[in-house]
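Asker: can't give you the sequence, but here's the structure:
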DNA sequence: CGCCTATTGTTGCCAGGGCAACAGTATTAT
DNA sequence: ATAATACTGTTGCCCTGGCAACAATAGGCG
């Protein structure tokens, strides 16, 4: 049972290009702790001191940036195999800028920072690959932010929506996309008003640009 | 001469916690190439395949995200000791999403990706520290983006300005800040209209919230 | 010193879209 | 089945701030 979870973790990007033997050794060395959270439970609170990386093994969660006003901004959607906390490894304060809460029942593996940075004699080469994978993972996270800036800089709501959909379609590679969350959250993500978003989507549909079906959207403009 | 430039590079974050001997070995192993660019010359063009990290040793440069419309968005301001291209190390395409150009005469050290990832027998421990520093550098870049999102999500122009100034002041740690670029670029950075920014700054000054003196701003609201 | 360019200040117009408020539907819990 | 909660659609009002156009100043360079 426990073993299965850890086995499934091998497919996480952090463990790419590490063979089975090295993986076993590495797991031994990193000694991840498995924890369960119920829906709506908080995995991490803004300001918490973080000393570990979290890997979602099962379920989903959301990272939000809180605001003094009480509102909050969606930062990222965590799915199985998603990783969080890794960007805090190298900061001085190691305080989380976001709050993460479970949007369903969740299983998480935690790995201590010090385990990551400490030498591990038994699987040294794997450890190096692990560090490289970590660079890749954090870079990906950077590019997510980058993509978001590319959306947010659009001046009109319509062009924001277009930029978002185009991104979802892998720059035009697929004509039908599935929005990974509710329209309410989408409005949050592109920093727009929900009702305005609803209005604009309808307009675009009437103009034959897109066809909306729940969270599925056909991109007719491609 | 050449030697001096490389020596100054030791103070770059990427080489933190690496002693002089290890640094010499590492430089040998990484064999950086020094290149000079004149003001307005392009260091990197959108879509370019990037196989090296760049380290600014002297001068300044700017990274911009281009837009189909012809406009462009400021992504980052590169100063001496700034690093670019490191987030592309681990992507498949390794194509730059930004254009970087020199805002003054610039000296850059380039290090090949493969040199970074290849084993280096002579200074292995230093090499590992280098990878860790790289994680730190990319994480910092991520947090820069993060901070920007925190500014952009503000609904009114004034609150955007406030968020930006507050960030500049290290969350209220200092009462006077210096904007690191022109107001034209600041407007670009917070995705606002330049004239609207000018207007709002004036209003805030009249209300006694701030005192503007060129690029120096006193935060009277703290 | 004087030219040229970059930066900044200022104005008025007006449209994009935020907001509130309500209704209808879907989803989950009891 | 019923209640409760979340999500979605729709409308009208009205204000923020984008934009263009111009002037003035500052800074860089021959």
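Answerer: Ah, there it is. Note that the structure is predicted; figures quoted are calculated from it, not measured.
Asker: Could you tell me which residues of chain A lie near DNA strand C?
Answerer: A:39, A:155-158, A:160, A:191-193, A:195-197, A:200 (C-beta under 7 Å from any atom of the strand). Quick note: C-beta positions are derived from backbone N, CA and C, even for glycine.
Asker: contacts with DNA strand D among these, please.
Answerer: A:155, A:195.
Asker: farthest-separated two in the residues of chain A next to DNA strand C?
Answerer: A:39 and A:155 (38.1 Å; C-beta to C-beta).
Asker: Which residue ranges make up each domain of chain A?
Answerer: Using automatic domain parsing, the domain parsing of chain A gives A:2-141, A:154-219.
Asker: same for the lowest-mean-pLDDT helix or strand in chain A, what does it pack against?
Answerer: Lowest on mean pLDDT, DSSP states H and E among the helices and strands of chain A sits helix A:2-9, with a mean of 77. Under the contact criterion of 3 or more C-beta pairs under 8 Å, 6 or more residues apart in numbering or on different chains; DSSP states H and E, helix A:2-9 touches strand A:33-37, strand A:52-58, strand A:106-112.
Asker: ok, now with 7 Å
Answerer: strand A:52-58 (3 or more C-beta pairs under 7 Å, 6 or more residues apart in numbering or on different chains; DSSP states H and E).
Asker: what about the strand it packs on and chain B, touching?
Answerer: No - Strand A:52-58 is not in contact with chain B by C-beta under 7 Å from any C-beta of the partner chain; minimum separation 11.5 Å.
Asker: coming back round to it: and the helix or strand that the least confident helix or strand of chain A is followed by, average pLDDT?
Answerer: The first helix or strand that comes after helix A:2-9 along the chain, using DSSP states H and E, is helix A:20-30. Per-residue pLDDT values across helix A:20-30 average out to 89.
Asker: circling back to that earlier point, flag every buried residue along the least confident helix or strand of chain A.
Answerer: Buried residues in helix A:2-9, counted by 16 or more other C-beta atoms under 10 Å in any protein chain shown: residue A:9.
Asker: do stretch A:137-144 as well
Answerer: Buried residues in stretch A:137-144, defined by neighbour count with 16+ other C-beta under 10 Å: A:137-139, A:141-143.
Asker: picking up where we left off before, tell me which of the domains of chain A sits most buried.
Answerer: domain A:2-141 (a mean of 17; mean count of other C-beta atoms under 10 Å in any protein chain shown).
Asker: quick one: average confidence on stretch A:142-160?
Answerer: 96.
Asker: So residue A:142: helix, strand or coil?
Answerer: helix (DSSP: H, G, I helix; E, B strand; the rest coil).
Asker: Between the two ends of stretch A:93-101, what distance do you get?
Answerer: From the first residue to the last, stretch A:93-101 extends over 21 Å; the measure is C-alpha to C-alpha, to the nearest Å.
Asker: got the contact list for that stretch?
Answerer: Residues from elsewhere that reach stretch A:93-101, judged by C-beta atoms under 7 Å, 6 or more residues apart in numbering or on different chains: A:40-51, A:61-66, A:75, A:84, A:88, B:146.
Asker: Among these, which lie within helices?
Answerer: Among these, the members found in helices (DSSP state H) are residue B:146.
Asker: For residue A:135, give me its contacts.
Answerer: With contact set as C-beta under 7 Å, 6+ apart, residue A:135 has these partners: B:89-90, B:134-135, B:138.
Asker: Likewise for residue A:218?
Answerer: Here residue A:218 is in contact with A:175-176, A:210-211 (criterion: C-beta under 7 Å, 6+ apart).
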